[in-house]
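Asks: coords please:
(one chain, ligands or ions: 2)
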Amino acid sequence: MAKITVNKDLASERAKCEFNVEELTNYLDGGRENTARRRRMEDKVLSVKELRDEIPEEYLSHKEKYENAIRKAVLFYKVQKSLDDPNQSDHERIRNSYRSTITSAIFKDNSPLTLHIVMFIPAIIGQGNDEQREYWLKRAKNMEIIGTYAQTELGHGTFLRGLETTATYDPATEEFVLHSPTLTAYKWWPGGLAHTANYCVVMAILYTKSKNCGIQPFIVQIRDEETHMPLPGIKLGEIGAKLGYNTVNNGFLGFDNHRIPRDRMLMRNAQVSKDGTFTAGANSKLTYGTMVYVRVLIVNNMANLLAKAVTIAIRYSAVRRQSKLKPEDPEPQILDYVTQQHKLFIGIATSHAYSRTALWLWDHYAKVTSELNAGKLDNLPELHSLACCLKVLSSVDAAVFVERSRLACGGHGYMLSSNLPQTYGLVTPASTFEGENTVLLLQVARSLVKAWQQMLNGRQLAPSMAYLADQKQLDRWDGSVNGIIRAFQKVARGKLAFSVANFEKYQKMGLSREDAWNKASVQLTAAAESHGRAIVVQVFKTETDRIASSLSPPLRKALDQLVELFTLYWALERLGDLLLYSPLSEVDVRDMQARYEELLEKIRPNAVGLVDGFDIRDEILNSALGAYDGRVYERLMEEALKSPLNAEPVNSSFHKYLKPFMQGKL
Ligand SMILES: CCCCCCCC/C=C\CCCCC/C=C/C(=O)SCCNC(=O)CCNC(=O)[C@H](O)C(C)(C)COP(=O)(O)OP(=O)(O)OC[C@H]1O[C@@H](n2cnc3c(N)ncnc32)[C@H](O)[C@@H]1OP(=O)(O)O
Ligand SMILES: Cc1cc2nc3c(=O)[nH]c(=O)nc-3n(C[C@H](O)[C@H](O)[C@H](O)COP(=O)(O)OP(=O)(O)OC[C@H]3O[C@@H](n4cnc5c(N)ncnc54)[C@H](O)[C@@H]3O)c2cc1C
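Replies: Ligands and ions are numbered 1, 2, ... in the order given. The predicted structure follows:
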């Protein structure tokens with residue numbers, strides 16, 4: 001095997017690291033066996049050479065990109081399937097795959113089968129009755145059918161009650177008639193819908209006995225299983241090129257009075273009997289369950305994508321030398337600039353914060369789901385609120401810090417060969433899909449305002465909101481991490497109290513409840529955001545303390561530094577709030593700033609070790625800037641030479657256009 005020559009700056013960074021990198025990887029994976037299992041899976045997938053691209057994806061046409069993605073998706077699925085442990089429950093399988101980023105080695109822009117796995121199958125599980133699950137799950141899990149989740153329409157994504165697709169029950173034939181009455185009723189966006197899926201879960205407004213019974217899920221065949229031609233009454237296509245997700249095959253779908261049998265309505269929650277009688281579910285919002293599930297998964301996905309971006313940027317910053325710190329010294333590594341550390345170390349800490357929070361949320365989700373299955377619905381509102389607020393914060397922060405990682409790489413970060421632009425293309429849509437972020441913050445605000453009223457009525461609050469009932473003043477600023485967490489809670493409480501007071505004031509001034517809500521909504525969303533910040537810092541600290549207690553002292557120290565950095569970073573970012581709602585003085589602010597700068601200095605020698613600890617292989621990073629060996633310049637040149645324009649010394653356009661133009665003949 002050829003010996004890898006590692007860039008000497010990266011090698012000396014690794015020699016400086018104060019903790020055992022493998023121990024960090026095991027900690028992140030949840031144990032040594034999990035690391036081994038993940039690596040075995042990566043080895044196996046990466047050994048299949050047909051899964052690698054011969055020509056970089058960016059040089060393919062739109063159509064070729066899709067065809068290539070489908071070719072790989074099929075193969076990738078088969079390899080993954082062969083590695084599945086049949087003894088794992090779905091819950092364990094998903095939890096154990098939280099650190100797996102192998103998909104990124106195969107698709108720079110995501111897989112056209114994503115929606116089948118992430119939403120179609122979960123929608124059947126969550127919305128189908130036992131009989132429907134038995135039939136459809138078997139087919140979907142065996143990939144006999146491929147599906148997607150078709151909810152959003154051209155005219156409505158956020159406001160689900162405004163969806164226009166109708167499913168009208170016809171008792172004479174025991175069928176539903178699906179129809180798109182207008183252009184804006186066309187389903188628009190679902191991944192895989194354009195040319196991949198032959199089935200989908202369609203969310204449509206149910207009409208039976210001439211009554212609107214709200215949005216309900218229907219499993220609908222859209223293409224012939226043999227010929228893959230769209231079925232009669234179905235109009236299908238692709239929605240076109242996008243900022244990212246270009247291999248996901250997002251599509252449109254219209255129905256022209258398309259009939260489906262009665263048993264195609266997924267009837268776990270609500271039912272329509274043969275004669276058209278509608279029986280509502282225990283809570284109509286159970287129909288939105290698939291979205292809650294994906295919001296929970298997104299938190300983890302954001303942590304992983306951020307880990308990728310910051311690994312690339314930190315390694316590059318250790319290799320890149322630029323400018324002068326001292327006139328007599330050689331050009332320093334750009335990682336020695338404290339501004340560079342400020343830009344990037346928070347990205348490392350944030351990835352840790354969300355991967356801990358994601359696991360915590362997943363376990364909470366699993367607990368509440370099993371309660372729901374047993375008919376206990378009490379904890380659904382809190383779960384919905386938590387999933388909304390953590391999806392929002394993780395997607396916002398990941399987008400900011402991925403983009404910051406790209407900018408921190410200067411010009412080279414703009415190259416697709418850095419894989420940073422594509423990584424941004426994968427994180428930024430998460431602020432929109434699965435519930436647009438402002439809209440979800442308003443949902444969180446709604447649950448907080450409700451909790452506020454409950455508190456005033458002396459009722460017990462859900463655990464994640466219990467701090468709102470803590471009336472005690474924060475008498476003294478002690479500057480500890482726990483003290484700052486309490487201060488964040490005070491901020492959230494204070495902002496909520498202020499927005500509730502304004503909401504009520506606007507109503508007293510004569511505005512309707514809805515107008516008062518709209519007028520107070522900037523403050524309400526700010527309160528919801530602060531609530532989310534308080535939760536994330538607390539969960540990050542508590543979960544790190546709980547899990548890291550058995551780690552070696554050097555690693556424990558490095559993790560504590562990340563928790564403290566994360567807490568101080570957000571305290572300094574939100575100084576205005578802290579000054580308003582906590583006993584913070586100017587001296588305390590100066591002290592925090594000094595501690596923050598000291599932390600950057602302490603983390604500096606461990607920076608490369610910390611990103612090595614994410615253990616993201618070169619094939620997954622897919623980056624000329626971020627590879628383990630740090631051969632940045634060689635790789636940039638190798639990638640440049642792959643440009644089809646470099647295949648010939650003179651391009652034909654010279655003779656066709658440039659030459660006649662320069663000679664005044666054109
Ligand atoms: C092994 C697998 C591992 C793979 C890992 C992959 C990781 C995955 C990551 C990336 C890939 C993801 C790909 C995703 C692709 C994208 C897909 C989509 O975008 S699908 C479409 C998503 N659409 C939305 O999210 C729409 C957003 N809108 C809404 O949710 C709703 O319209 C609303 C804004 C919530 C309002 O709804 P509605 O008008 O009906 O409500 P109101 O009448 O206002 O009532 C509000 C009351 O209802 C409660 N509520 C609302 N939603 C829920 C819920 N989901 N659960 C429980 N309760 C809910 C709300 O709290 C109000 O209650 P009250 O205050 O009245 O008590
Ligand atoms: C990459 C990608 C993949 C997707 N995949 C799927 C899929 O597989 N299946 C599917 O069904 N959908 C999918 N979607 C659609 C996605 O779920 C919607 O785009 C999303 O729910 C937002 O809805 P919208 O586009 O209608 O935004 P809009 O609601 O029109 O938002 C536009 C603006 O209006 C504001 N706004 C809207 N309502 C309110 C309100 N009540 N209060 C205050 N402000 C408001 C928003 O904050 C935002 O600023 C996907 C989208 C993307 C980008």
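Asks: so who does the residue of the chain found nearest ligand 2 touch?
Replies: Nearest to ligand 2 in the chain, going by Cβ to the nearest ligand atom, is Gly157, at a distance of 2.3 Å. All C-beta atoms are positioned from the backbone trio N, CA, C, and that covers glycine. Neighbouring residues of Gly157 by Cβ atoms under 8 Å, 6 or more residues apart in numbering: 189, 436.
Asks: on the three-state scheme, it is what?
Replies: coil (DSSP: H, G, I helix; E, B strand; the rest coil).
Asks: Val177 belongs to a helix?
Replies: No: under three-state DSSP, Val177 sits outside any helix and is assigned strand.
Asks: distance-wise, check the nearest residue to it once chain neighbours are set aside relative to Phe401.
Replies: The spatially closest residue to Val177, leaving aside those adjacent along the chain, is Thr168, at 4.8 Å (Cβ to Cβ, 6 or more residues apart in numbering). Distance of Thr168 to Phe401, given as Cβ to Cβ, to the nearest Å: 48 Å.
Asks: cool, and Tyr569?
Replies: For Tyr569, the distance to Phe401 - Cβ to Cβ - is 11 Å.
Asks: now the strands for the chain?
Replies: Under the criterion DSSP state E, strands of the chain are mapped to 149-150, 166-170, 175-179, 187-188, 199-208, 211-221, 234-238, 251-255, 258-261, 271-272, 278-279.
Asks: just name the most buried of those.
Replies: strand 149-150 (a mean of 30; mean count of other Cβ atoms under 10 Å).
Asks: which residue ranges of the stretch 351-500 of the chain form helices?
Replies: 380-407, 420-427, 437-456, 481-508 (DSSP state H, counting those that start in this stretch).
Asks: likewise the stretch 1-150 of the chain?
Replies: Assigned by DSSP H, counting those that start in this stretch, the stretch 1-150 of the chain shows helices spanning 8-16, 21-29, 32-46, 62-83, 90-96, 103-106, 114-115, 121-127, 130-132, 138-141.
Asks: output those in a markdown table; the columns should cover mean pLDDT and distance to Pro605.
Replies: Formatted as a markdown table, those follow (pLDDT from 0 to 100; distance: least, Cβ to Cβ, whole Å):
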| stretch | mean pLDDT | distance to Pro605 |
| --- | --- | --- |
| helix 8-16 | 98 | 4 |
| helix 21-29 | 98 | 13 |
| helix 32-46 | 96 | 24 |
| helix 62-83 | 96 | 37 |
| helix 90-96 | 89 | 32 |
| helix 103-106 | 96 | 29 |
| helix 114-115 | 98 | 39 |
| helix 121-127 | 98 | 44 |
| helix 130-132 | 98 | 57 |
| helix 138-141 | 97 | 48 |
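Asks: quick one on the thing from earlier: phi, psi of the residue of the chain closest to ligand 2?
Replies: Main-chain dihedrals, Gly157, degrees, to the nearest 10: phi -120, psi -50.
Asks: do Glu18 as well
Replies: Dihedral angles (degrees, to the nearest 10) for Glu18: phi -90, psi -10.
Asks: excluding covalently adjacent residues, which one is nearest to it?
Replies: That would be Pro554: by Cβ to Cβ, 6+ apart, it lies 5.0 Å from Glu18.
Asks: any idea of the pLDDT on the one you found?
Replies: Pro554 is assigned 98 on the pLDDT scale.
Asks: identify the residues contacting it.
Replies: Taking Cβ under 8 Å, 6+ apart, we find Pro554 in contact with 18-20.
Asks: what average pLDDT does stretch 589-607 get?
Replies: pLDDT averaged over stretch 589-607 gives 98.
Asks: so how far is it off the chain centroid?
Replies: Its chain's C-alpha centre and that of stretch 589-607 lie 29 Å apart, by Cα atoms, centre = their mean, to the nearest Å.
Asks: ligand 1 contacts on the stretch 101-250 of the chain?
Replies: Proximity of the stretch 101-250 of the chain to ligand 1 (Cβ under 6 Å from any ligand atom) is limited to residues 114, 117-118, 149, 151-152, 157-161, 191.
Asks: at 8 Å instead, please
Replies: 103, 110, 114-115, 117-119, 149, 151-152, 157-161, 189-191, 215, 248 (Cβ under 8 Å from any ligand atom).
Asks: and those, which of them are buried?
Replies: For these, a burial check counting by 16 or more other Cβ atoms under 10 Å picks out 103, 110, 114-115, 117-119, 149, 151-152, 157, 160, 189-191, 215, 248.
Asks: how about TSV for the strands of the chain, with mean pLDDT added?
Replies: Shown next, in TSV, are the strands of the chain (pLDDT from 0 to 100):
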stretch	mean pLDDT
strand 149-150	98
strand 166-170	98
strand 175-179	98
strand 187-188	98
strand 199-208	98
strand 211-221	98
strand 234-238	98
strand 251-255	98
strand 258-261	98
strand 271-272	98
strand 278-279	98
